[in-house]
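**Student:** Return a 3D structure for these sequence lines:
(chains A and B)
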2 protein chains.
Amino acid sequence: MGKPAPVSPLAPASFPDLPQIDGLRLAAAEAGVKYQGRLDVMLAVMDPGSVIAGVFTRSATRSSNVLDCQTKIGMDSDAGAAIIVNSGNSNAFTGRAGDGSVNAICAAVAERVGLPETRVFTSSTGVIGEPLPHDRIISQLDALATNLSADGLPDAAQAIMTTDTFAKGATATVEINGKPVKIAGIAKGSGMIAPDMATMLVYIFTDAKIARADLQALVSRLNAGSFNNITVDSDTSTSDTLLIGATGASGVDVTGNAAFETALDGVMLDLAHQVVRDGEGATKFVTVEVTGAANDADARTHALSIANSPLVKTAVAGEDPNWGRVVMAVGKSGAAADRDTLTIRFGDVLVAENGWVAETYREEDGAAVMKQPDITIRADIGLGEGRATVWTCDLTHGYITINADYRS
Amino acid sequence: MGKPAPVSPLAPASFPDLPQIDGLRLAAAEAGVKYQGRLDVMLAVMDPGSVIAGVFTRSATRSSNVLDCQTKIGMDSDAGAAIIVNSGNSNAFTGRAGDGSVNAICAAVAERVGLPETRVFTSSTGVIGEPLPHDRIISQLDALATNLSADGLPDAAQAIMTTDTFAKGATATVEINGKPVKIAGIAKGSGMIAPDMATMLVYIFTDAKIARADLQALVSRLNAGSFNNITVDSDTSTSDTLLIGATGASGVDVTGNAAFETALDGVMLDLAHQVVRDGEGATKFVTVEVTGAANDADARTHALSIANSPLVKTAVAGEDPNWGRVVMAVGKSGAAADRDTLTIRFGDVLVAENGWVAETYREEDGAAVMKQPDITIRADIGLGEGRATVWTCDLTHGYITINADYRS
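**Tutor:** Here you go, the predicted structure:
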């Protein structure tokens, strides 16, 4: 961390008004895990009858917390649930001591809020490889449990931040059978962001009523089109966690409901985009749309190759409409492509087609697109119907500054 | 290009003394393809009886020059051969006009030096997507042909540079049956460097006697352990070309000769390392050694994941022994790994083992390694016998400066 970085120029104007979710209470505290003088631990407690689903990093070196969540996430229970999260230390690659920290925290939370340990989910985010001072977290449990409040989401969003320059929240309310169903989510993440998944923590809550297995299937499907398609630096975290809790307090069954799915998808996309907008050093938000690939998987391969290319990302940083680098990124991706059927657009400006620069293309038109804070790079491969969209940011001096000096 | 960049701090002290290769003559000239006031085109002519072999980029959007070389490289001929190379313009993604430029250059060179067109090999390196002003190259052919000299390698090494900060050469002489066999090579490349292959041009010459097919098999095999294992920025060029010409003038048959293979391997590794040492913005030369992987392919996947990780590369730039990022890179690579069998060393310093930081590890020991200009990162996966070594450099402000402003 060091000195606080200025807020990303791509940040939303303000943190959204998040609604209370019936059946959910939260609190945040200063545990001094690593940072001093700021919120760094949050506790969320959900009423009996709530269900929890989640998706996690696929890293082979994932943290003790992730491994513990994965053993618990598939269990059905009516006992309610708790989520406790700290920032400043990821408890990743801390060996058996890391497992011990998770167990100690789960046991203490379970006792304090009256839940079985299998209903306590933990996340830790921050430096890898240093022992987690879990006693500092446990010493805050009395205060956290006492301060639990239905209004706790904004403080929770603050507490989970690491190199984030702004707190991230999103919400939606959807009316089903005349009754409102609310969704509210928070997220953290700005570096080490890539599929699968981005380096981040995401907690989404809803008062919808839905069976655990159905919620899991829904969030896994929506994750594939949102958090799994963002990349800041192609680096995958050992701690990525998305947990969604449904309290059922609205009494509205949303199983198979299209409006609910659309609303949840919107919240997930919004949070995913905010993570990219807080990409370390980011000055541009880049949407990469690939169409015309041989199939959807090839389209995603091309899109990620463009989005992760340091040369494309530095060209964007320099506001340089250097479409040759997009050609390079398509060519290197390994997915099927043909020089002479490739079409490239910056925004709506046709740049290249039929194996060369377009006759109508004027450099100043491409340059005008690149000057915008939000840029769309479109590549049509010209071979089939496959399509994919991924989101990324540019690669700037700010990224180097943050990451060459993160730990010291 | 813009202002000339300072010479890389990792550059060799001086350009090597390259021997004359009997049967080879070269010349360089100022054609003004893009750069003014510097050598930007080189011509190499080999005597009748020479054989040519080569390896090329696997990019799906490779240049007209590469496609043309690939159609010619497998042909046997006793007619001699010519290689003509320009810098400043890569003739990549220039559609049918690009094919026309290659054909025009080949026809003009063939006529000027008295060779069939099928024995003329071309390379172009520089900006993608702009028409190649091949007339400027052709207008220099009289001067080039007149100035052909056995001493032309150093000028040729200068002529093929783009963002390179130093000219790259390497040589070896091996005694076989009491007779010397000479090898001399030149290379260019500093950005857009990644398998397969690095963004670069490499020309190696020898007076050894060897059949074309044997030379091709040898160079393909050695390439897999040298140029194919270097990465600066994970970006793969549309133009990568390695050509090797054997004039046979020494009269020494090197078919299957181990000493010759070792000498050629040394020249190729030397040139490959020089390309990394000239990585855009590089301040550290990094060797990544992976052992104990399930197999060699997994080892290479882990090694490239470490070498290409922006977070590892920025930590190296910051001289930060942030081994947690190495853990992250192993975990994300997709190849088999186990948190608790992973061992990490910086140089000879044991940093982490058994799923956690090593008991003997002191941060100042790791930091001392990271202060060196040449750093070795070792990861033992603890699962098998697979091993791989790749070479890379750090990711610095210099890389951003060069690439956010390359074309403007």
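**Student:** Looks like residue A:63 contacts residue A:98 (just checking).
**Tutor:** Yes. Look at residue A:63 against residue A:98 with CB atoms under 8 Å: they come within range, at 6.7 Å. For glycine as for every other residue, the C-beta is placed from the backbone atoms N, C-alpha and C.
**Student:** Between these two, which is the more surrounded one?
**Tutor:** Ranked by neighbour count (other CB atoms under 10 Å in any protein chain shown), residue A:63 and residue A:98 place residue A:63 first, with 32 against 26.
**Student:** Tell me the confidence at the more buried one?
**Tutor:** Listed pLDDT for residue A:63 reads 86.
**Student:** quick one, phi/psi of it?
**Tutor:** The phi/psi pair for residue A:63 (degrees, to the nearest 10) reads phi -70, psi 160.
**Student:** Same check on the one 5 residues further on?
**Tutor:** Torsion angles at residue A:68 (phi, psi; degrees, to the nearest 10) stand at phi -70, psi -50.
**Student:** What residues does the stretch 201-350 of chain A have near chain B?
**Tutor:** A:233-238, A:308-311, A:314-315, A:317-318, A:320, A:322-325, A:327-333, A:336-340, A:342 (CB under 8 Å from any CB of the partner chain).
**Student:** host element of the residue of chain A most remote from its centre?
**Tutor:** Distance from the C-alpha centroid of chain A, by CA atoms, centre = their mean, peaks at residue A:359 (40.4 Å). Here residue A:359, judged by DSSP states H and E, is contained in no helix and no strand.
**Student:** Equivalent analysis for residue A:123, please.
**Tutor:** Here residue A:123 is assigned to strand A:120-127, by DSSP H and E.
**Student:** ok, residues contacting the next helix-or-strand element following that strand?
**Tutor:** Using DSSP H and E, the helix or strand that follows strand A:120-127 in sequence is helix A:134-138. Helix A:134-138 has contacts (CB atoms under 8 Å, 6 or more residues apart in numbering or on different chains) with A:31-33, A:41, A:84, A:86, A:101, A:104-105, A:108.
**Student:** mind redoing it with 6 Å?
**Tutor:** A:31-33, A:41, A:86, A:101, A:104-105, A:108 (CB atoms under 6 Å, 6 or more residues apart in numbering or on different chains).
**Student:** Could you pull up phi and psi at the closest residue to residue A:216 other than its chain neighbours?
**Tutor:** Distances taken as CB to CB, 6 or more residues apart in numbering or on different chains place residue A:53 nearest to residue A:216, at 3.8 Å, with adjacent residues excluded. The phi/psi pair for residue A:53 (degrees, to the nearest 10) reads phi -130, psi 170.
**Student:** so how far is residue A:244 from residue A:53?
**Tutor:** Residue A:53 is 5 Å from residue A:244, where distance means CB to CB, to the nearest Å.
**Student:** cool, and residue A:230?
**Tutor:** From residue A:230 over to residue A:244 the distance is 18 Å, taken as CB to CB.
**Student:** which residues touch whichever residue of the stretch 101-250 of chain A sits closest to chain B?
**Tutor:** At 2.8 Å from chain B, residue A:128 is the closest residue in the stretch 101-250 of chain A, using CB to the nearest CB. Shown in contact with residue A:128 (CB under 6 Å, 6+ apart): A:90, A:92-93, B:324, B:327.
**Student:** Chain neighbours aside, what residue packs nearest to it?
**Tutor:** residue B:324 (2.8 Å).
**Student:** how deep is the one you found tucked in, by neighbour count?
**Tutor:** Look at residue B:324: counted by other CB under 10 Å, it has 26 neighbours.
**Student:** so when I look at it, I'm seeing a helix, right?
**Tutor:** Yes. Assigned with DSSP: H, G, I helix; E, B strand; the rest coil, residue B:324 falls within a helix.
**Student:** Residue A:130 is in contact with that one, correct?
**Tutor:** No. Using CB atoms under 6 Å, residue B:324 makes no contact with residue A:130, being 8.2 Å away.
**Student:** And the pLDDT at the residue nearest to residue A:128?
**Tutor:** pLDDT, read off for residue B:324, is 86.
**Student:** Quickly note the distance from it to residue B:359.
**Tutor:** For residue B:324, the distance to residue B:359 - CB to CB - is 17 Å.
**Student:** same thing with residue A:404?
**Tutor:** For residue A:404, the distance to residue B:359 - CB to CB - is 28 Å.
**Student:** With residue A:100 instead?
**Tutor:** 17 Å.
**Student:** for residue A:154, same thing?
**Tutor:** 43 Å.
**Student:** Same check on residue A:181?
**Tutor:** Taken as CB to CB, the span from residue A:181 to residue B:359 is 53 Å.
**Student:** Please apply the same query to residue A:158.
**Tutor:** Where residue B:359 is concerned, residue A:158 sits at a distance of 37 Å (CB to CB).
**Student:** Residue ranges in the stretch 301-408 of chain A under the pLDDT threshold?
**Tutor:** Residue ranges of the stretch 301-408 of chain A with pLDDT under 70: A:405-408.
**Student:** hmm, try it at 80
**Tutor:** Low-confidence segments of the stretch 301-408 of chain A (pLDDT under 80): A:402-403, A:405-408.
**Student:** contacting residues around the residue nearest to residue A:284 when sequence neighbours are not counted?
**Tutor:** Leaving aside its sequence neighbours, residue A:284 sits nearest to residue A:394 (CB to CB, 6+ apart; 4.3 Å). Residue A:394 sits next to A:283-284, A:313, A:316-317 when contact means CB under 6 Å, 6+ apart.
**Student:** Good, wrapping up.
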